[in-house]
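>>> Sequence and predicted structure, then a few things I'm wondering about:
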Amino acid sequence: MSYMNSVPRAWRERVTKYRLIGGRCKKCGKVFYPYRGSCPRCGSDDVERIELPKRGRVKYFTVVRSAPAEFKRYEPYVVALVELENGAIVPAQLTDVDADEVYEGMEVEGVLRRYREQGEDGIIEYGVKFRPVVGGGGEQ
Amino acid sequence: MNGIASIIGYGAYLPRYRIKAAEIARVYGRNPSSTPIKEKTVPGLDEDSLTHAYEAALNALRRAEIDPSEIEVVFVGSESPPYAVKPSATIIAEALGITPKLYAVDMEFACRAGTTALLSAVGLVHAGLARYGLAIGTDTAQGRPGDALEYTAAAGAAAFIVSKPRSDAVATIEAAYSYVTDTPDFWRREGQRFPRHGARFTGEPAYFAHIIGAAKGLMEETGLKPSDFRYVVFHQPNVKFPTRVAKRLGFTKEQLERGLLSGIIGNTYAAASPIGLVNVLDAAEPGDRILIVSFGSGAGSDAISLVVEDGITERRPKAPLLSSYIERSKEIDYALYLRFRGFICR
């Protein structure tokens, strides 16, 4: 818990979490999230940071009914693997949707939301969650 | 295109959840058929005024079609920031890719903070101190359970990106007039969770005096009259006040209705008149003249006159219309509302 309640950790991760920054392997082409310095497929260190598209589809999902303490207030909520437009797969919480409304293939878009608070007097961590697409237009 | 500055991007955000005023009246044994509005927006569990602001700003950026790093000013107007100390503006700017060459700050002036953020950004852009400015009005308003404010205190955000005057913009601001006095009609003391208000004192000496003062001041300075405007937008704490002030100033129902949304979304505080302007821009045509007059307790009003530019036709479809957010609605009951607003202690 002390690691999760670390201000420096949240600060280091902020841009990755706010803007969905992933990595692209220059050697094998694999795109992944979150960003890290080596490719999860081929192990190459030749990886570049990219801002991932914030539109995709729900590939798989599960309903969390017994959450860790920090997410307890959101129960029940949906965690999904979202396949983005460029093929990258992102694990993410879904929001603005009831658990029984979610289906595989549902079109979703990334939005900025609160996802963790470091206690009542600690910092608030924000990050990208996905929700059913709203309205037309606005391709990113 | 003659004016102080242009709006090149605009956008709004409303959360998904709604509660009917009749449901609130039911809980407190009041008459469900005489509520000030029909229903209001309620933010979800993981939302706050900052996340609302982010999405409104993202929609404005989509319409502005500029590189976010070219924005040099971010002003966020709100009375419900998630932190008492730590700016929302820095988090929003970081998330949108606007940092770090940036003049960013939060502003507070009750429900007037949105238009004040806009005029402040306009001033810096007009003076040549910034190329583009982003101004946001956002709130997740709090009403004490059982208080009259609870029927209307709602949530939403609206954002505008301003530049030097240009014809490919959405609209150009041609004049502004602000009117401010010390009037204690509504306040929240440091450390208090809920605001208090002066009941009937919020009407004549507060809302009406300042809105009429600003609107008349603008029309006297510019020589414009009510019939010169196609649309008019007033701060909307309910439906009655803006309807009455429109009539007193000589505006018609037709000029007022497009920008009057409080009946179906509630009072979104610093976002209220800016969201009304967004709904007008969603329908306006080049050449239309719009008057928007905000009101914030404490008290003050900004009156702003805009003329719609040719660029609106091309920019409008680049982000969701406000109607998409109005249609996205899920009704909740009073018990869920209390849970969503964090009023249930576990």
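Sure thing, it's come through.
>>> mind listing what B:Arg244 touches?
B:Phe208 (Cβ atoms under 8 Å, 6 or more residues apart in numbering or on different chains). In this view, the C-beta of every residue, glycine as well, is placed from N, C-alpha and C.
>>> Quick check: which element contains it?
Using DSSP states H and E, the element containing B:Arg244 is helix B:240-249.
>>> packing partners for the strand or helix carrying B:Ser324?
B:Ser324 belongs to helix B:322-327 when assigned by DSSP H and E. Judged by 3 or more Cβ pairs under 8 Å, 6 or more residues apart in numbering or on different chains; DSSP states H and E, helix B:322-327 is in contact with strand B:5-13, helix B:272-281.
>>> try 10 Å this time
Here helix B:322-327 touches strand B:5-13, helix B:49-64, strand B:155-163, helix B:262-265, helix B:272-281, going by 3 or more Cβ pairs under 10 Å, 6 or more residues apart in numbering or on different chains; DSSP states H and E.
>>> Which strands or helices does the shortest one pack on?
It refers to helix B:262-265. Using 3+ Cβ pairs under 10 Å, 6+ apart, helix B:262-265 sits against strand B:39-42, helix B:240-249, helix B:272-281, helix B:322-327.
>>> before we move on, the earlier item: out of the helices and strands packed on helix B:322-327, which is closest to A:Arg12?
helix B:49-64 (20.1 Å; Cβ to Cβ).
>>> got the CA coordinates for that closest one in PDB?
Only the C-alpha atoms of helix B:49-64 are listed here, as PDB (Å, rounded to 0.1, in the frame of the first residue of the first chain):
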ATOM      1  CA  SER B  49     -15.500  19.500 -11.900                       C
ATOM      2  CA  LEU B  50     -11.900  18.800 -13.300                       C
ATOM      3  CA  THR B  51     -12.900  15.800 -15.300                       C
ATOM      4  CA  HIS B  52     -16.000  17.700 -16.600                       C
ATOM      5  CA  ALA B  53     -13.700  20.600 -17.600                       C
ATOM      6  CA  TYR B  54     -11.300  18.200 -19.400                       C
ATOM      7  CA  GLU B  55     -13.900  16.800 -21.700                       C
ATOM      8  CA  ALA B  56     -15.500  20.200 -22.500                       C
ATOM      9  CA  ALA B  57     -11.900  21.400 -23.300                       C
ATOM     10  CA  LEU B  58     -11.200  18.400 -25.500                       C
ATOM     11  CA  ASN B  59     -14.400  19.100 -27.500                       C
ATOM     12  CA  ALA B  60     -13.300  22.700 -27.900                       C
ATOM     13  CA  LEU B  61      -9.800  21.500 -29.100                       C
ATOM     14  CA  ARG B  62     -11.400  19.200 -31.700                       C
ATOM     15  CA  ARG B  63     -13.200  22.200 -33.100                       C
ATOM     16  CA  ALA B  64     -10.300  24.600 -32.900                       C
END
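>>> quick one, that helix and strand B:155-163 angle?
Angle of helix B:49-64 versus strand B:155-163, following axes from the mean of the first three to the mean of the last three Cα atoms, to 10 degrees, is 40 degrees.
>>> what inclination does helix B:49-64 have with respect to strand B:5-13?
Using the same axes, to 10 degrees: helix B:49-64 against strand B:5-13 is 130 degrees.
>>> Could you check helix B:49-64 and say which residues are buried?
B:49-64 (16 or more other Cβ atoms under 10 Å in any protein chain shown).
>>> now stretch B:22-34
Buried-residue list, stretch B:22-34, by 16+ other Cβ under 10 Å: B:22-25, B:30.
>>> which outside residues touch it?
Stretch B:22-34 has contacts (Cβ atoms under 10 Å, 6 or more residues apart in numbering or on different chains) with B:20-21, B:35, B:38-40, B:143, B:145-148, B:150-152, B:331-335, B:337-338.
>>> What average pLDDT does it get?
Average pLDDT, stretch B:22-34: 95.
>>> Quick one: end-to-end distance for that stretch.
Start-to-end span of stretch B:22-34 (Cα to Cα, to the nearest Å) is 8 Å.
>>> for stretch B:103-114, same thing?
17 Å.
>>> Just checking that stretch against chain A, any contact.
No: figure legend: stretch B:103-114 not in contact with chain A (Cβ under 10 Å from any Cβ of the partner chain); closest approach 14.7 Å.
>>> Which positions within that stretch qualify as buried?
Result for stretch B:103-114 [16+ other Cβ under 10 Å]: buried residues B:103-104, B:106-114.
>>> tell me the mean pLDDT over it?
In the prediction, stretch B:103-114 has an average pLDDT of 98.
>>> which SS class is whichever residue of the stretch 51-200 of chain B sits closest to chain A?
The minimum distance from the stretch 51-200 of chain B to chain A, using Cβ to the nearest Cβ, falls at B:Ala95 (3.9 Å). Assigned by DSSP: H, G, I helix; E, B strand; the rest coil, the conformation of B:Ala95 is helix.
>>> how many neighbours does it have?
25 (other Cβ atoms under 10 Å in any protein chain shown).
>>> residues touching it, list them.
So B:Ala95 contacts A:14-15, A:17-19, A:112, A:126-128, B:50-51, B:53-54, B:57-58, B:68 (Cβ under 10 Å, 6+ apart).
>>> Just checking, which helix or strand of chain B averages the lowest pLDDT?
strand B:196-197 (a mean of 90; mean pLDDT, DSSP states H and E).
>>> helices or strands next to whichever helix or strand comes after that one in the packing?
Per DSSP H and E, the first helix or strand lying C-terminal to strand B:196-197 is helix B:209-222. Packing partners of helix B:209-222 (3+ Cβ pairs under 10 Å, 6+ apart): strand B:171-183, strand B:231-234, helix B:240-249, strand B:289-293, strand B:298-308.
>>> Pull out the buried residues from helix B:209-222.
For helix B:209-222, by 16+ other Cβ under 10 Å, it's B:209-215, B:217-219.
>>> Report the mean confidence score over that helix.
98.
>>> Next, the angle strand B:298-308 makes with that helix.
Using the same axes, to 10 degrees: helix B:209-222 against strand B:298-308 is 40 degrees.
>>> CA atoms only for helix B:209-222 - export them in PDB, please.
In PDB, the C-alpha atoms belonging to helix B:209-222 read as follows (Å, rounded to 0.1, in the frame of the first residue of the first chain):
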ATOM      1  CA  ALA B 209     -29.800  44.100 -10.700                       C
ATOM      2  CA  HIS B 210     -26.500  42.700 -12.000                       C
ATOM      3  CA  ILE B 211     -27.800  41.100 -15.200                       C
ATOM      4  CA  ILE B 212     -29.900  44.200 -16.100                       C
ATOM      5  CA  GLY B 213     -26.900  46.400 -15.200                       C
ATOM      6  CA  ALA B 214     -24.500  44.500 -17.400                       C
ATOM      7  CA  ALA B 215     -26.900  44.000 -20.400                       C
ATOM      8  CA  LYS B 216     -28.000  47.600 -20.400                       C
ATOM      9  CA  GLY B 217     -24.500  48.800 -20.000                       C
ATOM     10  CA  LEU B 218     -23.300  46.800 -23.000                       C
ATOM     11  CA  MET B 219     -26.200  48.000 -25.100                       C
ATOM     12  CA  GLU B 220     -25.700  51.700 -24.200                       C
ATOM     13  CA  GLU B 221     -22.000  51.500 -24.900                       C
ATOM     14  CA  THR B 222     -22.400  49.800 -28.300                       C
END
